[in-house]
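S.K.: Predicted structure and sequence below. I'll ask about it afterward.
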Number of protein chains: 2
Amino acid sequence: MTQPDAGGGARRGDTRARALAVALRMFAERGYANTSLREIADRLGVTKAALYFHYRSKDDLLAAILREYVDDLGDLLDDAAHRPASPATCEWLLCELAQQRGRWGSDLLRLIRQNYAEISRLPVVADMRQAHRRLLLALSGPGADLAGRVRAQAALVALEGPVLLPGDDDDEQATRAAALAVALEIVRARP
Amino acid sequence: MTQPDAGGGARRGDTRARALAVALRMFAERGYANTSLREIADRLGVTKAALYFHYRSKDDLLAAILREYVDDLGDLLDDAAHRPASPATCEWLLCELAQQRGRWGSDLLRLIRQNYAEISRLPVVADMRQAHRRLLLALSGPGADLAGRVRAQAALVALEGPVLLPGDDDDEQATRAAALAVALEIVRARP
DNA sequence: GTCTATACCGAGATAGAC
DNA sequence: GTCTATCTCGGTATAGAC
């Protein structure tokens, strides 16, 4: 799996998009600081300089990945904003979130959680934090107290908890479903 | 706060211990990869070479911090192992864990969570993972199924969830108490 | 046990040809 | 769009005096 272009598909013109996918995987697996542009370029089958044509810097490459994430999350939050603020909406949001994260795969979440020290230097982090605030607000309701916000936060991390658990050999689908069930439980236990 | 030795205390002979505390704080605040040994030495009031006398490498310094953590956690787990496997023990463990983390402060947890990509290269990570497994086992019970383990994991992350929430201006004590309450709720909801 | 000075290396980034 | 070649900088790590 060391040779370039394991996908075997088209090689010309899609470097920009392929770079995003490859970088995401490598950043998630090996860490942002421990992954050099040279390694990314190698696996991509191009040179470092080619990467610099598409992205102005290494940070820029990381930011591009994260921007996809916040945009997608923002769309979901917009949908949620058009619904009435109710427990039903809250549960609907958790389900949608679980689905969305299933589509994203675990790499993106691991990238964010395990490299947050680097990410927090980037400008995109402001948008990420705002999205997180909106998420908490939607989950806990408009005038929630401290306990309510902590509960919402707990439901959120419960949802992604299993993703961060390394090396358990359970079925991924089943684990995700169990996590969603627990997250729903948490918000339902709200007095 | 830029000048060395803000503590104002003894300066000779305790470099090794002070280095641990200073490094912990800086690694947590600025990130492991973004903190150079030169910066640590400066704030410590010594030179880089002095650091290398006490710790063989930057990784070694980080590992020493983490080893304190795993040892302390291991002691707690040993205590738990001497108690009967019951829901009461499980709740007791959660409370002790919350207390212990209060003593450690938020820096250590943030260091681990936000720099896990770097940490996972170190040998100590094996002990950390084992401690985590023991923790999950103690919380979920001996023969727990998938749902039980996910629930235990959720309780764990719920406990540290608020620590990872940046910039909320709530009272730290109250937030910690609320997190513990939610974590207890989660394990109590176990069927 | 702590310092000065320096070697060394790999990283990100750029220039300019093709 | 992609290459080769090169630059620069900051990092870790070491040698040896005090």
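M.R.: All right, it came through fine.

S.K.: Around DNA strand D, which positions in chain A sit nearby?
M.R.: Counting by Cβ under 7 Å from any atom of the strand, the positions of chain A adjacent to DNA strand D are A:Arg12, A:Gly13, A:Thr15, A:Ala41, A:Gly45, A:Val46, A:Thr47, A:Lys48, A:Ala49, A:Ala50, A:Phe53, A:His54. No exception for glycine: its C-beta is placed from N, CA and C like everyone else's.

S.K.: Just name the shakiest helix or strand of chain A by mean pLDDT.
M.R.: Least confident helix or strand of chain A, by mean pLDDT, DSSP states H and E, is helix A:146-164 with a mean of 90.

S.K.: Which positions in the host helix or strand of A:Asp72 come out as buried?
M.R.: Assigned by DSSP states H and E, A:Asp72 falls within helix A:58-81. Of the residues in helix A:58-81, A:58-59, A:61-66, A:69-70, A:73, A:76-77, A:80 count as buried by neighbour count, 16 or more other Cβ atoms under 10 Å in any protein chain shown.

S.K.: Kindly report the same for stretch A:25-32.
M.R.: A:Arg25, A:Met26, A:Phe27, A:Ala28, A:Gly31, A:Tyr32.

S.K.: The second one contacts A:Thr35, correct?
M.R.: Think A:Met26. Yes. The pair A:Met26 and A:Thr35 passes the contact test of Cβ atoms under 8 Å, sitting 4.8 Å apart.

S.K.: Whichever helix or strand comes after the least confident helix or strand of chain A near chain B at all?
M.R.: Proceeding N to C from helix A:146-164, the next assigned helix or strand is helix A:172-188, under DSSP H and E. Yes. Using Cβ under 8 Å from any Cβ of the partner chain, helix A:172-188 comes into contact with chain B via A:Ala174, A:Thr175, A:Ala178, A:Ala179, A:Ala181, A:Val182, A:Ala183, A:Glu185, A:Ile186.

S.K.: Now which of these would you call buried?
M.R.: A:Thr175, A:Ala178, A:Ala179, A:Ala181, A:Val182, A:Ala183, A:Glu185, A:Ile186.

S.K.: Turn these into TSV, columns for distance to DNA strand C and pLDDT.
M.R.: What follows is those, written out as TSV (distance: Cβ to the nearest atom of the strand, whole Å; pLDDT from 0 to 100):
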residue	distance to DNA strand C	pLDDT
A:Thr175	33	91
A:Ala178	37	94
A:Ala179	33	96
A:Ala181	40	96
A:Val182	38	96
A:Ala183	36	97
A:Glu185	42	96
A:Ile186	39	96
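
S.K.: Of the residues you listed, which pair is most distant in space?
M.R.: Spanning the widest gap among these are A:Thr175 and A:Ile186, at 16.7 Å by Cβ to Cβ.
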